[in-house]
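Trainee: here you go, sequence then predicted model.
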Amino acid sequence: MPYLLDENGQVVEIPTGSAPPLGLFDELQIDQGTLHLEPGASLLLYSDGVSEPMDEGGSEFGTAGLAGLLSQNKNLPAPVICERLWQAVQAHGGSTPQQDDFTVVLVKRAHTGKQGAN
């Protein structure tokens, strides 16, 4: 499920429907929607290979790990957040090999400066 980090730093889950994986079928009906990002907000899209890696005890990294990392690093540039997410998932897995893809898209809307009246 995608995450929105709003302009106040609150993590919000974006509800989505279920759909088959991309690339498996020639014709695929895809739901469409519109989301407005306020200045300072971020949107995280990710594959299940990001949230589902397990540690040696069988516990998933999970969506709580994603949300926490996004919130803690909200002021960093998108590439740095993505790198930290990769490192956190790898650290969580320990010596357990990554079994799935790791795909992340992080969109950040810049803060807008306040304009004074002229």
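Mentor: Yes, it's here.

Trainee: quick check: mean pLDDT across the helix ranked longest in the chain?
Mentor: Within the chain, and with DSSP state H defining each element, the longest helix by residue count is helix 78-93. This predicted structure assigns helix 78-93 an average pLDDT of 92.

Trainee: then stretch 98-115?
Mentor: Stretch 98-115 shows a mean pLDDT of 80 in the predicted model.

Trainee: hmm, back to that, what's the longest helix of the chain packed up against?
Mentor: Using 3 or more CB pairs under 8 Å, 6 or more residues apart in numbering; DSSP states H and E, the elements in contact with helix 78-93 are helix 62-72, strand 104-108. Every C-beta, even on glycine, is put in place using the N, C-alpha and C of the backbone.

Trainee: now find how far off-centre that helix is within its chain.
Mentor: How far helix 78-93 lies from its chain's middle: 11 Å, per CA atoms, centre = their mean, to the nearest Å.

Trainee: between the two ends of stretch 95-112, what distance do you get?
Mentor: For stretch 95-112, the separation between the terminal residues is 43 Å (CA to CA, to the nearest Å).

Trainee: which parts of the longest helix of the chain are buried?
Mentor: The neighbour-count check on helix 78-93 (16 or more other CB atoms under 10 Å) flags 81-82, 85, 88-89, 92-93 as buried.

Trainee: could you dump those residues to a markdown table with distance to residue 8?
Mentor: Listed next are the buried residues of helix 78-93 as a markdown table, based on distance: CB to CB, whole Å:
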| residue | distance to residue 8 |
| --- | --- |
| 81 | 17 |
| 82 | 22 |
| 85 | 21 |
| 88 | 23 |
| 89 | 26 |
| 92 | 28 |
| 93 | 32 |
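
Trainee: fine by me, thanks again.
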